[in-house]
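Return a 3D structure for these sequence lines:
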Amino acid sequence: MSFKILDFYKISSPLAGGETDSERSSRFKRIRWATFLSATTGYGIYYVCRLSMNVVRKPIVEEGIFSETQLGIIGSCLFFVYAVGKLTNGFLADRSNVRRFMSTGLLCSALINLCLGFTSSFYAFVILWGLNGWFQSMGAASGVVSLTRWYSSKERGTFYGFWSASHNLGEALTFISIALLVSGMGWRYGMIGAGVIGILGFLMMLVFMRDTPQSQGFLLDKDSSPVDSHSLPGKQTEDFNKAQKAVLKNPAIWILALSSAFMYISRYAVNSWGVFYLEAQKGYSTLDASFIISISSICGIIGTVFSGIISDKMFSGSRNIPALVFGVMNVVALCLFLLVPGVHFWIDVLAMVLFGLGIGVLICFLGGLMAVDIAPRNASGAALGVVGIASYIGAGLQDVMSGILIEGHKTVQNGVDVYDFTYINWFWIGAALLSVLFALFVWNAKSKKADV
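Below you'll find the model as predicted:
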């Protein structure tokens with residue numbers, strides 16, 4: 001049975017070519033666009049099945065089902081498992097049929113959301129939401145492998161920028177659609193709705209996404225072809241191992257990983273608790289709070305898509321200067337969001353515009369690109385793995401700490417929960433500031449390619 005499962009997820013066998021250039025041009029472009037758009041949309045829907053919990057937190061607390069600390073523990077389970085899974089499933093995706101691998105992860109994540117809409121058990125939430133972290137980690141790796149298989153290095157960067165914006169699309173879709181369901185029908189229908197959207201995404205990828213160009217009968221240049229790891233000569237394998245060790249020994253990459261981890265604390269503080277904060281501290285409704293947070297996701301699309309253009313055209317290829325500029329923007333945005341007293345709708349909107357733009361750029365730079373720039377070319381995956389696991393450990397610790405700090409400074413006045421967010425404010429802003437400071441430590445870091 002295990003061999004049949006492994007065979008099911010093997011890279012698709014190539015088909016014989018034989019098409020003329022004109023036939024290849026039209027059919028190849030059509031299939032490649034369908035694959036790119038379905039992978040991008042599919043990964044956006046992954047986020048709906050990951051962020052659904054963030055919209056339903058306040059209603060769950062109000063119904064007395066879970067406390068803020070329990071919600072923090074539940075949320076952290078996803079992040080900690082996701083951190084490990086992102087590294088592991090990256091290796092698996094390289095050797096897999098990414099159409100089947102990616103769609104399987106989304107289907108399982110969707111089913112978990114459906115199940116959680118029908119239970120109030122804390123232990124069920126802990127176990128299933130932790131498992132959701134593992135299935136969620138199947139998405140990003142598959143999307144990147146698909147881009148590598150279908151696009152040459154000359155055009156891959158442009159499409160990578162657009163693909164990277166898929167998580168912002170997913171965040172916006174979540175904070176709008178799931179908020180509408182929760183406001184009108186309750187938190188359970190928010191989880192169920194996320195599950196239904198996930199299943200629709202699963203079906204879309206099965207219909208439109210394809211594994212490799214070779215499986216469709218196309219013969220591409222070597223740069224665009226998927227690599228069969230079993231055919232690598234011994235010398236190449238030795239170089240690969242040496243390059244990965246160089247990544248692990250490079251202190252600049254670990255410093256960038258720490259910088260990204262603190263950035264992810266501020267990123268997921270707003271994603272995970274932003275709606276809760278606006279409801280509890282400023283009195284917004286679930287729908288209005290979700291709308292304000294969704295603005296950061298929409299602006300994040302702009303920041304992500306144009307991050308490469310910003311560094312290449314405005315800063316002559318330097319990532320350090322825009323990382324500093326947008327890192328400071330991230331700090332300023334959080335100060336506006338958290339420290340301005342009273343309810344000021346347009347200030348909150350401005351804060352989310354700045355936050356979205358800043359985080360959109362920082363996700364690309366601190367979240368991977370700066371580490372890849374200074375890593376050997378044949379160890380970019382290892383560099384991304386180091387940064388990725390640190391980032392999501394930071395995100396997980398944030399969820400636990402935020403839950404404890406929020407519940408620990410809650411009082412009940414006239415039967416109403418009243419929160420003191422003072423410590424939360426400095427925790428979130430302090431993390432953003434530390435991210436900027438750590439990034440400054442690698443200002444002059446250079447690539448170690450020559451060493452390997």
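
residue contacts, Ile127?
Residues near Ile127 by C-beta atoms under 8 Å, 6 or more residues apart in numbering: none. Every residue, glycine included, has its C-beta placed from N, CA and C.

Quick check: it is in a helix.
Yes: counting by DSSP: H, G, I helix; E, B strand; the rest coil, Ile127 falls inside a helix.

Next, work out how far apart it and Ser121 are.
9 Å (C-beta to C-beta, to the nearest Å).

List the buried residues of the helix or strand Ala261 falls within.
For Ala261, the host element (DSSP states H and E) is helix 251-282. Using 16 or more other C-beta atoms under 10 Å as the test for burial, helix 251-282 gives 252-282.

The residue lying closest to Ala124 once chain neighbours are set aside: neighbour count?
Nearest residue to Ala124 in three dimensions, chain neighbours excluded: Leu116, at 7.3 Å (C-beta to C-beta, 6 or more residues apart in numbering). Residues near Leu116, counting by other C-beta atoms under 10 Å, number 26.

Now the phi/psi pair for Leu116, please.
phi -70, psi -20 (degrees, to the nearest 10).

Could you double-check that it sits in contact with Val126?
No: assessed by C-beta atoms under 8 Å, Leu116 is found out of contact with Val126, at 10.8 Å.

Break down the stretch 251-400 of the chain into its strands, ranges please.
Applying DSSP state E, counting those that start in this stretch to the stretch 251-400 of the chain gives no strands.

All the helices of it, residue numbers only.
Assigned by DSSP state H, counting those that start in this stretch, the stretch 251-400 of the chain shows helices spanning 251-282, 286-305, 307-309, 320-339, 345-364, 370-374, 380-408.

and if you look at the stretch 1-150 of the chain?
So, for the stretch 1-150 of the chain - with DSSP H, counting those that start in this stretch - the helices run 2-8, 21-62, 68-94, 98-116, 122-150.

Would you single out the least confident of those helices?
For the helices of the stretch 1-150 of the chain, mean pLDDT drops lowest on helix 2-8, to a mean of 68.

Sketch out the low-pLDDT regions of the stretch 301-450 of the chain for me.
Applying pLDDT under 70 to the stretch 301-450 of the chain flags the ranges 308, 312, 316-317, 372, 376-382, 444-450.

Next: the stretch 151-300 of the chain.
Residues of the stretch 151-300 of the chain meeting the criterion pLDDT under 70: 153-158, 160-161, 219-241, 243-244.

Repeat the analysis, applying 90 as the threshold.
Where the stretch 151-300 of the chain drops to pLDDT under 90, the residues are 151-176, 179, 183-184, 211-254, 268, 271-277, 279-291, 293-294, 296-300.

Dump the helices of the stretch 1-150 of the chain to JSON lines, plus distance to Ile429.
Converted to JSON lines, the helices of the stretch 1-150 of the chain look like this (distance: least, C-beta to C-beta, whole Å):
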{"stretch": "helix 2-8", "distance to Ile429": "47"}
{"stretch": "helix 21-62", "distance to Ile429": "20"}
{"stretch": "helix 68-94", "distance to Ile429": "19"}
{"stretch": "helix 98-116", "distance to Ile429": "32"}
{"stretch": "helix 122-150", "distance to Ile429": "27"}
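
how about those, which one is nearest Leu437?
Proximity to Leu437 (C-beta to C-beta) singles out helix 68-94 among the helices of the stretch 1-150 of the chain, at 22.8 Å.

Now do the closest one: which elements does it pack against?
Helix 68-94 makes packing contacts with helix 21-62, helix 98-116, helix 122-150, helix 380-408 when contacts are defined by 3 or more C-beta pairs under 8 Å, 6 or more residues apart in numbering; DSSP states H and E.

so how far is it off the chain centroid?
For helix 68-94, the separation from the chain centroid amounts to 11 Å (computed by C-alpha atoms, centre = their mean, to the nearest Å).

So which residue is dead centre in the protein?
His167 (5.9 Å; C-alpha atoms, centre = their mean).

Phi, psi for it please.
According to degrees, to the nearest 10, His167 has phi -70, psi -30.

Distance check, the closest residue to it other than its chain neighbours against Phe175.
Leaving out its chain neighbours, the residue that sits closest to His167 by C-beta to C-beta, 6+ apart is Tyr47, at 5.2 Å. The gap separating Tyr47 from Phe175 is 10 Å, by C-beta to C-beta.

the more surrounded of these two?
Each of Tyr47 and Phe175 has its neighbours counted (other C-beta under 10 Å); Phe175 has more, 28 against 23.

Pop out the phi and psi values for the more buried one.
Per degrees, to the nearest 10, the backbone of Phe175 is at phi -70, psi -10.

show me the contacts for the residue nearest to Ala124.
Ala124, Phe125, Leu128, Trp129, Met191.

Counting neighbours, what do you get for the second one?
Same thing as Phe125. 25.

Would you agree it is in contact with Gly75?
No: applying C-beta under 8 Å as the test, Phe125 and Gly75 come out as separate, 9.7 Å apart.

picking up where we left off before, just so I know, which of the helices of the stretch 1-150 of the chain lies nearest Glu171?
helix 21-62 (5.7 Å).

what's the angle between that closest one and helix 68-94?
Angle of helix 21-62 versus helix 68-94, following axes from the mean of the first three to the mean of the last three C-alpha atoms, to 10 degrees, is 160 degrees.

any idea of the angle helix 21-62 forms with helix 380-408?
20 degrees.

can you give me how far helix 21-62 is from the chain middle?
Mean-position distance between helix 21-62 and its chain equals 12 Å (C-alpha atoms, centre = their mean).

Could you tell me the angle between that helix and helix 122-150?
Going by the same axes, to 10 degrees, helix 21-62 makes 160 degrees with helix 122-150.

can you tell which of the helices of the stretch 251-400 of the chain is closest to Lys245?
helix 380-408 (8.8 Å).
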